[in-house]
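A.B. asks: quick one: sequence plus predicted model below, questions after.
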Amino acid sequence: MSIDRAVLAFAGLMILLSLLLGLYVSPYWYWFTAFVGANLLQSAFTGFCPLAFVLRRLGVQPGAAF
């Protein structure tokens, strides 16, 4: 799995998890959903993603975007 696919899979998992937590635990978890979305948006414009940096350091194979 490349860094690109890992980042997208992790972001999708975090969004779904935070939506479930917001629904069943506390609506404050929706702020985490907003954070993940904002991070995806800024990485689309800047090309910098903190998770991609961590995955690269762990030796995950690079993809086209990161």
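C.D. replies: Arrived safely, thanks for sending. Numbers count the residues shown, from 1 in each chain.
A.B. asks: what about A9, how many residues nearby?
C.D. replies: Using other C-beta atoms under 10 Å, A9 has 11 neighbouring residues. Where C-beta positions appear, they are placed from N, C-alpha and C, glycine not excepted.
A.B. asks: okay, and it sits in which element?
C.D. replies: Assessed by DSSP states H and E, A9 sits inside helix 3-24.
A.B. asks: which residue is nearest the middle of the protein?
C.D. replies: Most central in the chain under C-alpha atoms, centre = their mean is A11, positioned 3.0 Å from the mean C-alpha point.
A.B. asks: any regions of the protein where pLDDT drops low?
C.D. replies: 66 (pLDDT under 70).
A.B. asks: redo that, cut-off 90
C.D. replies: Scanning the chain for pLDDT under 90 picks out 1, 47, 62-66.
A.B. asks: next up, phi/psi of L58, please.
C.D. replies: phi -80, psi -10 (degrees, to the nearest 10).
A.B. asks: number of residues surrounding it?
C.D. replies: Neighbours around L58, by other C-beta under 10 Å: 9.
A.B. asks: use 593 as the first number for this chain going forward.
C.D. replies: Shifting the count to begin at 593 puts that one at L650.
A.B. asks: how much space separates it from L643?
C.D. replies: Look at L650 and L643: by C-beta to C-beta, to the nearest Å, they are 10 Å apart.
A.B. asks: do Q653 as well
C.D. replies: 15 Å.
A.B. asks: and the two? Which one has more around it.
C.D. replies: L643 (16 against 12).
A.B. asks: wait, that one sits on V599?
C.D. replies: Yes: taking contacts as C-beta atoms under 8 Å, L643 lies within contact range of V599: 5.4 Å.
A.B. asks: and I607, how many neighbours does it have?
C.D. replies: 16.
A.B. asks: wouldn't it be in contact with N631 here?
C.D. replies: No: at 10.7 Å, I607 does not count as touching N631 under the criterion of C-beta under 8 Å.
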